[in-house]
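Novice: could you work out the structure for the sequence below:
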Amino acid sequence: MNRNITKTASLIAVGRMVSIFCGLATTVLIARYLTADEFGYYSIIISTVLILGIPAQVGLPEFMHRETARERARNFPNLRDKLRWAHRITGYSTVAIFAITAVVLCLQDTTNTIEWTVWLIAALLVPAQALSAIRAGILRGAGFPVASQAPELYIRPIIFLLIVAALYFSKQQQGLLSVMSANVFAWLVAFAFGSYLLNLLVSKRLRKRDPDLPNADNINQERTRWLLALVTLGGIGGLRVISNNLDFVILGWFSDMSTVGAYKIQALMAGYIGFFIQISNVMLSKKVGTHIELKSTDQLQQTITYFANRVSILTLITFLGVILFGNSVIGILFGSEYLLPLPVLVILAIGHLVNSISGSVVLCLNMARMERAVLKTLIVSVAINVVLNCILIPTLGAYGAALATLASMTYWNIVLFFKVRSAIGITTLPFQIGLPNKAKAL
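Specialist: Below is the predicted model:
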């Protein structure tokens, strides 16, 4: 098991490093290509589109990931029906979002056609990201973690980097419009490649049909159950998107665009601390789903601890590197206009450290079909984030945004950690402390 885990983790780690390098290089070129105000406005558009795109996904990636992983232990009896159902819901939601967007744009009384063209192009990210996320969830759950990440780790960042580099060195005009168009184009190419991988790796399994499948009435009952789970998982995914992007939007209300751009770079640098927990979650998804389905609590704890030990060590090293050298790297790569006082970076870094050390709490609860507990916790967390952002940002600016992010992130990690410990009977920390004797959820 360890050899397979190491091999797959290495492949994903390489992909993550390629993505990080390309993403960093692309962000540097965009920050240099655009003015500080334009970069801040670009950041707000991306964050807003991510929030507006929540209905297009409504938890489908998480749902398909969980259900595919759980069905893997039973040879995928209902995977085809679930995939068709997921695509149908995504299609309806996307059409509705585009219709609403078109109406809003038509009602706008503005002469700045370039600005609204940028927003309209950015709206194309909604279906591309939603369908790509569903495909990635299916491939992860089916046991193809590397293939699930390949389009987003290799194809999209490389294409985006090449186009942005061409724009930067050619000194093209209409910078914001060109960058947004490049972003959308890269996503569409990655989506096409991901669709090819899904057809290649999972098509045979989608054609399998259990001869003992329930009749139409029972299938409708199943779809009702799926929809209830979907609403909860959609709330979880949506709340996390809101929590991760809300500070940029609110900061843009109370500060100038250059401050938003600088804060975006600080958050990007601090986000690298979560690199290893992201790899861990991709690798763990298949095994956690299988262990929970088979009620193998001991094996689940061993697997979680194996990953947690390694993640914690690597995360601490990354944390120290960001604290000691983060602002220096930002100044060299992006320029002095994107620098903020060091405490802003430290606060954001502590938040990501807490998130990584707490372990795969959301993954474990989702796989155990305890998504309602996650949803309730994230609702409170987002409320904390909104209230603190609105209170702190007007007086503290970027400091306030960073403190609000730290508070909300710490809250949901601590609450969900104790929920996993009490309900599933395991700990997600790198060490085991006072575990209950019985795993209630399993």
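
Novice: can you give me the helices in the stretch 51-200 of the chain?
Specialist: 54-57, 60-72, 79-107, 113-123, 125-141, 145-150, 156-170, 175-207 (DSSP state H, counting those that start in this stretch).

Novice: ok, now how distant is residue 275 from residue 197?
Specialist: Between residue 275 and residue 197 the computed distance is 23 Å (C-beta to C-beta, to the nearest Å). All C-beta spots, glycine's among them, are computed from the backbone N, C-alpha and C.

Novice: got it, and residue 28?
Specialist: 30 Å.

Novice: ok, now how distant is residue 409 from residue 394?
Specialist: 21 Å.

Novice: report pLDDT for residue 4.
Specialist: Per-residue confidence at residue 4 stands at 60 (pLDDT).

Novice: excluding its backbone neighbours, what's nearest residue 86?
Specialist: residue 60 (4.8 Å; C-beta to C-beta, 6 or more residues apart in numbering).

Novice: burial check on that neighbour, number of neighbours?
Specialist: Residues near residue 60, counting by other C-beta atoms under 10 Å, number 28.

Novice: right, and residue 426 touches residue 297 too?
Specialist: Yes: between residue 426 and residue 297 there is a contact under C-beta atoms under 8 Å: 6.7 Å.

Novice: more neighbours: which of these two?
Specialist: The residue with more neighbours, out of residue 426 and residue 297, is residue 426; 26 against 18, by other C-beta under 10 Å.

Novice: of residue 409 and residue 394, who's got more company?
Specialist: For residue 409 versus residue 394, the count of surrounding residues by other C-beta under 10 Å is larger for residue 409: 23 against 13.

Novice: which residues does stretch 12-25 contact?
Specialist: 145-146, 149-150, 152-154, 157-158, 160-161, 165, 268, 272, 275, 278-279, 282-283, 333 (C-beta atoms under 8 Å, 6 or more residues apart in numbering).

Novice: can you tell me how far residue 312 is from residue 358?
Specialist: Distance from residue 312 to residue 358, by C-beta to C-beta: 10 Å.

Novice: er, residue 269 I mean
Specialist: On the measure of C-beta to C-beta, residue 269 and residue 358 end up 21 Å apart.

Novice: with residue 293 instead?
Specialist: Distance of residue 293 to residue 358, computed by C-beta to C-beta: 24 Å.

Novice: more neighbours: which of the two?
Specialist: residue 358 (21 against 17).

Novice: with adjacent residues omitted, what lies nearest to the more buried one?
Specialist: That would be residue 413: by C-beta to C-beta, 6+ apart, it lies 4.0 Å from residue 358.

Novice: again with residue 271
Specialist: In this structure, residue 271 finds its nearest non-sequential neighbour in residue 352, 6.3 Å apart by C-beta to C-beta, 6+ apart.

Novice: again, but for residue 390
Specialist: Nearest to residue 390 is residue 250, by C-beta to C-beta, 6+ apart, at 6.6 Å.

Novice: measure the one you found to residue 394 for me?
Specialist: 9 Å.

Novice: how about the helices in the stretch 251-400 of the chain?
Specialist: Going by DSSP H, counting those that start in this stretch, the stretch 251-400 of the chain shows helices at 257-271, 275-293, 297-333, 342-358, 361-367, 371-396, 398-423.

Novice: and the gap between residue 379 and residue 259?
Specialist: Going from residue 379 to residue 259 by C-beta to C-beta gives 29 Å.

Novice: residue 370 now?
Specialist: 39 Å.

Novice: picking that back up, most tightly surrounded among the helices of the stretch 251-400 of the chain?
Specialist: Counting by mean count of other C-beta atoms under 10 Å, helix 361-367 has the highest mean neighbour count of those, with a mean of 25.

Novice: which other helices and strands contact that helix?
Specialist: If you count contacts as 3 or more C-beta pairs under 8 Å, 6 or more residues apart in numbering; DSSP states H and E, helix 361-367 packs onto helix 60-72, helix 216-254, helix 275-293, helix 371-396, helix 398-423.

Novice: just send those helices back as JSON lines, with distance to residue 177 too.
Specialist: Converted to JSON lines, the helices and strands packed on helix 361-367 look like this (distance: least, C-beta to C-beta, whole Å):
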{"stretch": "helix 60-72", "distance to residue 177": "29"}
{"stretch": "helix 216-254", "distance to residue 177": "19"}
{"stretch": "helix 275-293", "distance to residue 177": "31"}
{"stretch": "helix 371-396", "distance to residue 177": "29"}
{"stretch": "helix 398-423", "distance to residue 177": "27"}
